[in-house]
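Asker: Turn this into a structure:
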Amino acid sequence: MLGVSSIKYLLASFYVVDGKKMHYHSMNTMSGISKFVDLNTFSNRLNGYLYNDNCVFGVEVFVVKNTFKEGRLSMMHDPVTYYHTWKVTKFSSFEKEKYASESFGCYNWNIVLYPNGREEGKGNSISIYLDVSRSSFPPNSNLFVKFVLRVKDQKNIEHIEYTGDYLYGLSNDIAWGWRKFLSLAKLKDSEQGYLVDDTLIIEAEVTLLGLVLMKT
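Answerer: Down below sits the predicted model:
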């Protein structure tokens, strides 16, 4: 397995640096940025990205050959995916900073919702994370998972979803997710279908890809 410590995507003079580590393996062969540059900006000839109907793309990849220095990765031959649907009712009455769904799956996964956002999402978006009970971990192991978090569009079936992979460890008690998952303006827009009858529906799909067996 190769871990990519940082990726710089380039388009003419426009570039994006993604500093997250990405783990490439047989079940995760592609990674990128879903909204790289908007079409209006890209198509505007004054910006120089599209010239004579041609454009140039580039990428710089920095590879870390031994991502799991502290342990040995054991991949699952037949990984199991756990599904959970959290129906969040009376959303407008949520006043606490965060809320968690009931646990699901053999390792007690939880969807964590910040109804008024967290950090740069605070006050403008909802933040959604995936967390796990550390007490359910196998002895001397960390969990390497791939997961999908989704907010359902209950009217137009234009769901909002994000996919990620993450190494959950005993020493890492931070949940993984997205601070600006969905803007509050779009969520509360009555023309959209994300909040219907003051109810929000969040789905999670969690696949355990492998265990990192820690050295004792």
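Asker: Leu200 contacts Arg150, doesn't it?
Answerer: No. Using Cβ atoms under 8 Å, Leu200 is not in contact with Arg150, being 11.4 Å away. Placement of C-beta: from N, CA and C, glycine included.
Asker: So for these two, which residue has more residues nearby?
Answerer: Taking other Cβ atoms under 10 Å, Leu200 and Arg150 do not tie; Leu200 has more neighbours (22 against 18).
Asker: buried residues in the helix or strand harbouring that one?
Answerer: Using DSSP states H and E, Leu200 sits in strand 200-214. Neighbour-count burial for strand 200-214, counted by 16 or more other Cβ atoms under 10 Å, picks out 200-214.
Asker: and if you look at stretch 178-191?
Answerer: Trp178, Arg179, Lys180, Phe181, Leu182, Leu184, Leu187.
Asker: Now, these that are in strands?
Answerer: Trp178, Arg179, Lys180, Phe181, Leu182 (DSSP state E).
Asker: Which strands or helices does the strand holding Leu200 pack on?
Answerer: Strand 200-214 sits against strand 71-75, strand 81-88, strand 109-114, strand 125-132, strand 141-151, with contacts defined as 3 or more Cβ pairs under 8 Å, 6 or more residues apart in numbering; DSSP states H and E.
Asker: how about those strands in CSV, adding distance to Arg45 and mean pLDDT?
Answerer: Below are the helices and strands packed on strand 200-214 laid out as CSV (distance: least, Cβ to Cβ, whole Å; pLDDT from 0 to 100):
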stretch, distance to Arg45, mean pLDDT
strand 71-75, 48, 65
strand 81-88, 46, 96
strand 109-114, 41, 96
strand 125-132, 33, 95
strand 141-151, 37, 91
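Asker: Kind regards, and thank you for your time.
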